[in-house]
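**Student:** dropping a prediction and its sequence here:
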Amino acid sequence: MKEFIAFIKKEFYHIFRDRRTLLVLFGMPLAQLLLFGYAITTEVTNADLAVYNQSSGQFTNQLVDKLVSSDFFNLTENVHSKDEMMDVFRKSKAKIIVVIPPDFEQKFNRREAQIQLIADGSDPNLASILTNSATGIIMTWMKGHAGNAMQIETINNEVRWHYNPELKSVSMFVPGVITIILMLVSAMLSSISITREKELGTIEILYVSPLKPVTIIIGKLVPFIILSIFNAAFILLMAYIIFSVPVNGSIMLLLLESLLFIITALSLGVLISTVSETQQTALMLSLFGLMLPTILLSGFIFPISSMPLPLQIISNVIPAKWFLIIIKDIMLKGVGIMYVWKETLVLVGMTIGLIGLSIKKYNIRLQ
Amino acid sequence: MSDNLAIIATDLTKKFGDFVAVDAITFEVKKGEIFGFLGANGAGKTTAIKMLCGLSRPTSGQAIISGFDIYSQSELIKKNIGYMSQHFSLYQDMTIRENIRFYGGIYGLKSKDIKTRGSKLIQELELEDYADRFVGELPLGWKQKLAFSIAIIHNPGIVFLDEPTSGVDPITRRQFWNMIYKAAARGITVFVTTHYLEEAEYCNRVSIMVDGEMRDFDTPRELMKKYNKPTMNDVFLHMAVRSKRKGD
Amino acid sequence: MRILKFLLQKEFLQIFRNKAMLPIIFVLPVIQLVVLTYAADFELENISYVFVDNDHSQESENLMAQFNASKYFRNKGAKVDFNTGMEALDHNQATLLLRIPRGFAEKLQKEKKASLMLDVNSIDGQAATLSYSYASEIINDFSNNIVQKWNGLPNKVVLPVNVVSRYWFNEEMEYKNLMVPGILALLVTMVGMFLSAMNIVREKEIGTIEQINVTPINKVYFLIGKLTPFWVISIFELSFGLIIGKLIFDIPINGSLPLLYAYTSIYLLVILGIGLWISTLTDTQQQAMFLAWFFIVIFILMSGLFTPIENMPGWAQKLTWINPIAFYIKVIRAVLLKGSTFADIQMDFVIMSVFAVVVLTLATLSYKKRV
């Protein structure tokens, strides 16, 4: 036991001496929170808009003024031909062009007028947001000119938003950031700390020590567990202080679930280290190999239910998917273990599987 | 006067913050001699050698290596020296031949020279059967001999060896010193640090460093006579006994 | 110049000899490109919902039938009351709960006005508002039909202006046309930056860097020797990805490929330059990787790949002017999808070249043969 504690102390010393790694470890989630909180919003602002107004006159100028005086759009160019329209898109000077035909005013009175919105479809997501916004603005303007009784409102929708009533995007991103940071950091730290000793040859010294290999591995992981739990708590605290994103459920439960997820990720890291001879391989596998799948297949950015079936099935092997459900439920819905026990069991199963696989691989190596 | 001097160091000093790693050392090394640099671990030997090789910028003091100034002409110095560091620094994931080719190449040797010198080197080390093996697979003693041979493949005027024989068995150590003698016979000045004191007696002259200071330098015979001790080991112990820095 | 030959020989030898790395460099990105492109779809489908029908009328059934017919929604069953309905939301069985109150049809008939209640899981705010707007579209249609049936009014009120939206360069609004170039750009960037960031620091960690530093080698040559192999690998990856994109996803290639390669060449100098710079600043591969990761994540989030740059406030939009990934993603889309020519993107060339000069200068200055 004494040796074990001495060993853990040594590992801690390694971690805390490396200030730069620590800085990134805690600076990264903070930077991400700030970006998601302040820089990435759900509202479009200053989208570049060009106008091809073939109808001269007060009437249509008013419409154009209406469009560009909103925060949505930013008039960059007046174009005068179809070729120029193409040019504007190719030069990326506008994302949307409003085309008003020459006889707009006469046709307006006959209720036959048409406005074309041409959007740059290379980003379909943005393109549809922009056409929707522009249509909305045009409709409002039209109502002002066409009088009342446009549409009879018969059914009134009473909508209520649950779990995130202010529709804050940061509320969704906090669980995501925690999930990704814990996954990648834990997998990276554990895989690299073992392969580094392999590469530098110091692992052999440890093997001849009275400590058992399993004890050595556990000794290496304990500091990472503590570090990662601190990191998770740090992110939650920052989210609360800066963006008032609360933890609606039990913090204790949340930290316990985080602990489980950290152990899952660390086991994955250990498994990676059993197949890597060099730090380079371990780092590329744990960071390059895990980063995009964790972000894209966990449901963090893209909803899993919208994915094609094969991908929905693949997403089940991504530990982050399960943890993301758990953490969202506890944090935002405020539910207890009764609601997340299934996901918890999946993570427990994955962890046992990963540890079993690592031990198997490890024993083969030692023989 | 300095024509027959390979190294002239004057008050060479290196500080890391408050810590004075090398404290105003002054000495000269003659061309063609084997100069031993003795000291316990932590005495400042490696720091001194790194300054002389242009790997580390001195805090103050002067040094002229092969007639070039250590501050302004360090890249010229590098053309004229060889260096073998304390840590093994050939590429373990490359073969013997590939390492020779690489180092020969970056010293600007002609392809023809690399080939002839390379085969001669391999022959002298009796490594013909291993020339296409990865360096990482060789035993430590072979690696060290190979590293030394590669460090002088471009026929430098001076070669700096930092603890070249640490961790090597006595027989290989003997062989290694034979290689050093051969290099010296070719006219290469050898600057070697060691903490094996019996090796000191193989040197033409030795200096003794304690706590970053150079306590004395002379031929081993003179030093033994001066301090009235039978071996260099005793000379060293006599000087180092007051060391404040503990070796590790 | 001859020295460069030996340096390159050595670097390539080491890269191609590392058998464990080859699949990571060449196979992993391809798999990721293929798999992740399918994942990256903003289109919301199969929104799961439950409903509570307290009216049990012909109208409420008609409304439910319209929901069932929609491709956006997937019915997860009827619930008896609000609490059991919310239970389904709590358990992630549904994201939307629709309640039709008692007397809905009667009220609609008598007062021409009635209410429906919608409860939406809004953890993902954007998805929630989108789900809601799909639902209100269906409800609007439903109410228009009713109004028409009862009053004999025309199906739709004729508006003075008809707004028509067209989408150029991507008429079908296919996400893969957006995501393939984007993910490809990311993969090329990550491979390049991670490998170059770990490279010099690896030699520091192993100790071989000292042996290099005592040679008279010019450090500019040394850095060129380090940079070139990764440049070649990254160009190769781009080509590989474009072929996959064309064969599997049939992405359009409307612009000139030489133009794209020319721009990529300069871009890679920036990315690899940042990698090497990180490598010269750090002491261990772990530090280098963490730093590279930090930069990449910030650059990606602010690049307009997953969320449009227009979704940022003005100050953040200005920050994209110092983000090489944002420029690259913009250009790769412009050339591939919009067929932009050199004249269209010459400003981007100038800016990227300035980045390259700055970054490479920094990397060269911070690499010191003597400390």
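**Tutor:** That came through, no problem.
**Student:** where does the stretch 251-371 of chain C get nearest to chain B, residue-wise?
**Tutor:** Of all residues in the stretch 251-371 of chain C, residue C:370 sits closest to chain B, at 5.3 Å by Cβ to the nearest Cβ. In short, each C-beta sits where N, CA and C put it, glycine included.
**Student:** right, and that residue touches residue B:51 too?
**Tutor:** No. The criterion here is Cβ atoms under 8 Å, and residue C:370 misses it with residue B:51 at 9.1 Å.
**Student:** anything in contact with each of those two?
**Tutor:** Shared contacts of residue C:370 and residue B:51 (Cβ atoms under 8 Å, 6 or more residues apart in numbering or on different chains): residue B:57.
**Student:** now do the residue of the stretch 251-371 of chain C closest to chain B against residue C:211, distance only.
**Tutor:** Distance of residue C:370 to residue C:211, computed by Cβ to Cβ, to the nearest Å: 14 Å.
**Student:** compare those two (neighbour count), which wins?
**Tutor:** residue C:211 (23 against 18; other Cβ atoms under 10 Å in any protein chain shown).
**Student:** nearest spatial neighbour of that one, skipping sequence neighbours?
**Tutor:** residue B:89 (4.1 Å; Cβ to Cβ, 6 or more residues apart in numbering or on different chains).
**Student:** for the one you found, grab phi and psi.
**Tutor:** phi -130, psi 30 (degrees, to the nearest 10).
**Student:** residues in contact with it?
**Tutor:** Residue B:89 sits in contact with B:147, C:206, C:207, C:208, C:210, C:211, where contact means Cβ under 8 Å, 6+ apart.
**Student:** tell me where the stretch 101-250 of chain A has strands.
**Tutor:** Remark: strands assigned in the stretch 101-250 of chain A by DSSP state E, counting those that start in this stretch are A:113-120, A:155-162.
**Student:** point out the most buried one among these.
**Tutor:** Of the strands of the stretch 101-250 of chain A, the one with the most neighbours on average (mean count of other Cβ atoms under 10 Å in any protein chain shown) is strand A:113-120, at a mean of 22.
**Student:** which other helices and strands contact that strand?
**Tutor:** If contacts are counted by 3 or more Cβ pairs under 8 Å, 6 or more residues apart in numbering or on different chains; DSSP states H and E, strand A:113-120 sits against strand A:96-100, helix A:104-109, helix A:124-146, strand C:161-168.
**Student:** quick one: closest of the ones you listed to residue A:325.
**Tutor:** Relative to residue A:325, the nearest member of those by Cβ to Cβ is helix A:124-146, separated by 24.3 Å.
**Student:** show me where chain B has helices.
**Tutor:** For chain B, the helices defined by DSSP state H occupy B:45-53, B:74-79, B:96-106, B:111-124, B:140-151, B:170-185, B:197-200, B:220-227, B:232-240.
**Student:** is the first one in proximity to chain C?
**Tutor:** Translated: helix B:45-53. Yes. Using Cβ under 8 Å from any Cβ of the partner chain, helix B:45-53 comes into contact with chain C via residue B:53.
**Student:** and that helix, what's buried?
**Tutor:** Neighbour counts over helix B:45-53 (16 or more other Cβ atoms under 10 Å in any protein chain shown) mark B:45, B:46, B:47, B:48, B:49, B:50, B:51, B:52, B:53 as buried.
**Student:** also the fifth one?
**Tutor:** Of the residues in helix B:140-151, those buried under the neighbour-count criterion (16+ other Cβ under 10 Å) are B:141, B:142, B:143, B:144, B:145, B:146, B:147, B:148, B:149, B:150, B:151.
**Student:** thank you kindly, that will do.
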